[in-house]
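>>> Make a model of this:
(one chain, ligands or ions: 1)
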Amino acid sequence: MWTETDNALTRTFRFSDFKMAFSFMSDVAEEAEYQEHHPWWSNEYNVVSFRLRTHDAGNRVTDKDHKLAAAIDQLAADYGGEEIAGF
Ligand SMILES: C[C@H](O)[C@H](O)[C@H]1CNC2=NC(N)=NC(=O)C2=N1
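Below is the predicted model:
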């Protein structure tokens, strides 16, 4: 599940390989544009980490972050992503 750490929702996923991770990221990018809400994220090979917070609300967690997190979870499942211990 997502954990709230330092005023952000955080979660890390591992995929089967880099291509799957990057395809997942491409779909997340499209969803972020659609929601007009964008993640801080990092990627190393098949691992993608997220930190979600709302800049317009003073860099704290809002419903917009929870909405994007739900979409990320669905996309991660679509790409066979598994949660791993992140930050
Ligand atoms: C105009 C544009 O939609 C806004 O600046 C959006 C862009 N993406 C965003 N992403 C995040 N994480 N927080 C915001 O407040 C935010 N604002």
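>>> Could you list the contact residues of this protein toward the ligand?
The chain comes close to the ligand at residues 36-38, 54-56, as judged by Cβ under 6 Å from any ligand atom. To be clear about C-beta, it is placed using only N, CA and C from the backbone, and glycine gets the same treatment.
>>> C-alpha coordinates for stretch 50-67, CSV please?
Once non-C-alpha atoms are left out, stretch 50-67 reads as follows in CSV (Å, rounded to 0.1, in the frame of the first residue of the first chain):
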residue,chain,number,x,y,z
PHE,A,50,6.8,7.4,-6.6
ARG,A,51,6.3,10.4,-4.3
LEU,A,52,2.9,12.1,-4.7
ARG,A,53,2.0,15.5,-3.3
THR,A,54,0.2,18.6,-4.5
HIS,A,55,2.4,21.6,-5.3
ASP,A,56,-0.6,23.9,-5.7
ALA,A,57,-1.7,23.1,-2.1
GLY,A,58,1.7,23.8,-0.5
ASN,A,59,3.3,20.4,-1.2
ARG,A,60,1.0,18.3,0.9
VAL,A,61,-1.1,15.3,0.2
THR,A,62,-4.6,16.0,-1.3
ASP,A,63,-7.4,14.0,-2.9
LYS,A,64,-5.6,14.6,-6.2
ASP,A,65,-2.7,12.5,-5.0
HIS,A,66,-5.0,9.7,-3.9
LYS,A,67,-6.7,9.7,-7.3
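>>> Contacts for that stretch, please.
By Cβ atoms under 8 Å, 6 or more residues apart in numbering, the residues outside stretch 50-67 that reach it are 2, 4-5, 7-12, 35, 37, 39-41, 68-69, 72, 87.
>>> hmm, try it at 10 Å
2, 4-13, 28, 31, 35-42, 68-69, 72, 76, 86-87 (Cβ atoms under 10 Å, 6 or more residues apart in numbering).
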